[in-house]
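**Student:** Predicted model and sequence below, questions to follow.
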Amino acid sequence: MKKLLLLIICIVIFGCSKNNGSKKNNPPAQASIYGKWYLTIDTALTYNNGILVQTVAHGYSSNNDKNYIQFNKDGTGSTAFVGDTVSINYQLSGDTVIYAGRTKVGLIKQLTTSQLTLYYDVSGVVNSVNQRIITIDHFRR
C-alpha cells in the first residue's frame, strides 16, 4: 500500500509539467503598424469592365531604403517612392488604414513584427471604362 501511495505521489510530482514563468517573463512581441516599413514587393492588377487587362509586379532589394511608408502614433507619417517623399495623415479603424484627403483606403492583410501587407482596391470610370485597380504592397522592417 505504501509503495502504491509513493508511486502516485511520484507520478503527480514528476508527471506534471513545470511552469517556469517563461511566458510571463518573455511575452511575445506584439505587432504594431507604427514605425518605418520598407517596400519589398508591390503588385498592381488592373481590370477594365471586370476583365483583368494588366498585372504588374515589382520586387525591391533587401537593402532598399528609398521606398517606404512610415506610420507615426499621432496619425501622421510619410511615404517615399524612389526618393520622393510625401507627408500623410491617417486613421486606423480595425484592420483599415484611412488616409486623410484621399480616396485610398488600405486594408491590413498581414501584420507581424517584421512584415506588413497592405491591400488597396480603387475603382472609377476612365474614358467611359469602369476601371478597378487592386494594389498589394508588401513591406519589411
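**Tutor:** Good, I have the coordinates. Residues are numbered from 1 along each chain as shown.
**Student:** Count the neighbours of S93 for me.
**Tutor:** 9 (other C-beta atoms under 10 Å). From N, CA and C alone the C-beta is placed, and that goes for glycine too.
**Student:** Tell me the bridge partners for it.
**Tutor:** Assessed by DSSP bridges, S93 has beta-bridge partners T96.
**Student:** swap in L39?
**Tutor:** Applying DSSP bridges, one finds that L39 bridges with F139.
**Student:** Could you list the low-pLDDT ranges of this protein?
**Tutor:** Applying pLDDT under 70 to the chain picks out residues 1-29, 103.
**Student:** Can you pull up the most central residue in it?
**Tutor:** Geometric centre of the chain, nearest residue: L116, 2.5 Å, by C-alpha atoms, centre = their mean.
**Student:** can you give me the strands in this structure?
**Tutor:** 35-48, 51-59, 68-71, 76-81, 84-93, 96-99, 105-111, 115-126, 129-140 (DSSP state E).
**Student:** quick check: angle from the first one to strand 105-111?
**Tutor:** Relative orientation of strand 35-48 and strand 105-111, computed by axes from the mean of the first three to the mean of the last three C-alpha atoms, to 10 degrees: 120 degrees.
**Student:** Strand 35-48 versus strand 51-59: what angle between them?
**Tutor:** Using the same axes, to 10 degrees: strand 35-48 against strand 51-59 is 150 degrees.
**Student:** Then the fifth one?
**Tutor:** Using the same axes, to 10 degrees, the direction of strand 84-93 lies 110 degrees away from that of strand 51-59.
**Student:** Go through strand 84-93 and flag the buried ones.
**Tutor:** Burial within strand 84-93, assessed by neighbour count using 16 or more other C-beta atoms under 10 Å, is assigned to 88, 90.
**Student:** quick one: contacts of it?
**Tutor:** Residues external to strand 84-93 that are found in contact with it (C-beta atoms under 8 Å, 6 or more residues apart in numbering): 33, 69, 71, 75-80, 97-101.
**Student:** do the same with the longest one
**Tutor:** Strand 35-48 has contacts (C-beta under 8 Å, 6+ apart) with 52-60, 62, 64-65, 67-71, 81, 116, 129-141.
**Student:** That concludes my questions; thank you for your assistance.
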